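# Sequence and computational prediction follow.
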Amino acid sequence: MSVKTTKTASGDVAPHWHAKANEIQQFGTVIADLPHPLSADVRGSMCEQLNVLLADTLALRDMYKKHHWQVSGPTFYQLHLLFDKHYEEQAEMADTIAERIQSLGGVTVAMGGDVAALSTIPAPPKGKEEVPVQISRLLEAHKIVMSLCKDIADAADDAGDDGTNDLAISDILRPNELQSWFIGQHLVEMPLILAK
């Protein structure tokens, strides 16, 4: 394979980097003739739903990073580390969802503006918020993701899409339940020191 280069006025070789072309597959479509047991209609419906789940997962991932950077107060250290851990786990979940969409012949939502337009999770303000509000936002986002997982799993089950059903429950719903439990415990009112 050769890479096309051009010479500059000084004779240096420069990369030919201004390439432009048409899209090879539009967002919202699936490859019709794919060696897959599911019909193109079923795969298209699953990809559409999975792209919303992907957008919500990416929004939740980024909300964790925002709160990781902006957390403060007596639980700063614990939450700073926990938010970053959950961010990494959400990134892995996003990759899993994206790979499922691609394996079904679809196109994944990817860029920030497109993700924001497709996500059903309300955007937090740009500014810094108190810890209980940060956690409440994260819990609400988890609830949205978990509800969407259930809807996708049910639709996938009805359509005979065992792979998407398994992904929605095992790979996305269960880790979100665990993360929700971990952060939700920070809102339980307990004294820091017990004395009698």
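Cool, the structure landed.
# where does this structure dip in pLDDT?
1-11, 190, 192-196 (pLDDT under 70).
# what ranges do the strands span in it?
5-7, 13-15 (DSSP state E).
# who does the last one pair up with?
Think strand 13-15. The strands beside strand 13-15 in its sheet (DSSP bridges) come out as strand 5-7 (antiparallel).
# biggest helix in this structure by residues?
helix 40-70 (DSSP state H).
# residues of it that come out buried?
Residues of helix 40-70 classed as buried: 40, 42-47, 49-68, 70 (neighbour count, 16 or more other Cβ atoms under 10 Å). All C-beta atoms are positioned from the backbone trio N, CA, C, and that covers glycine.
# Just list what that helix packs against, helices and strands only.
In terms of contacts (3 or more Cβ pairs under 8 Å, 6 or more residues apart in numbering; DSSP states H and E), helix 40-70 is packed against helix 76-103, helix 112-118, helix 131-159.
# now the angle between helix 40-70 and the last one, please.
Translated: helix 131-159. 170 degrees (axes from the mean of the first three to the mean of the last three Cα atoms, to 10 degrees).
# Which residues in helix 131-159 does the neighbour count mark as buried?
Neighbour-count burial for helix 131-159 [16+ other Cβ under 10 Å]: 131, 134-135, 137-139, 141-142, 144-146, 148-149, 152-153, 155-156, 159.
# cool, stretch 104-120 as well?
Those would be 104-109, 115, 118-119, for stretch 104-120 by 16+ other Cβ under 10 Å.
# and that stretch, how far from the chain's centre?
How far stretch 104-120 lies from its chain's middle: 9 Å, per Cα atoms, centre = their mean, to the nearest Å.
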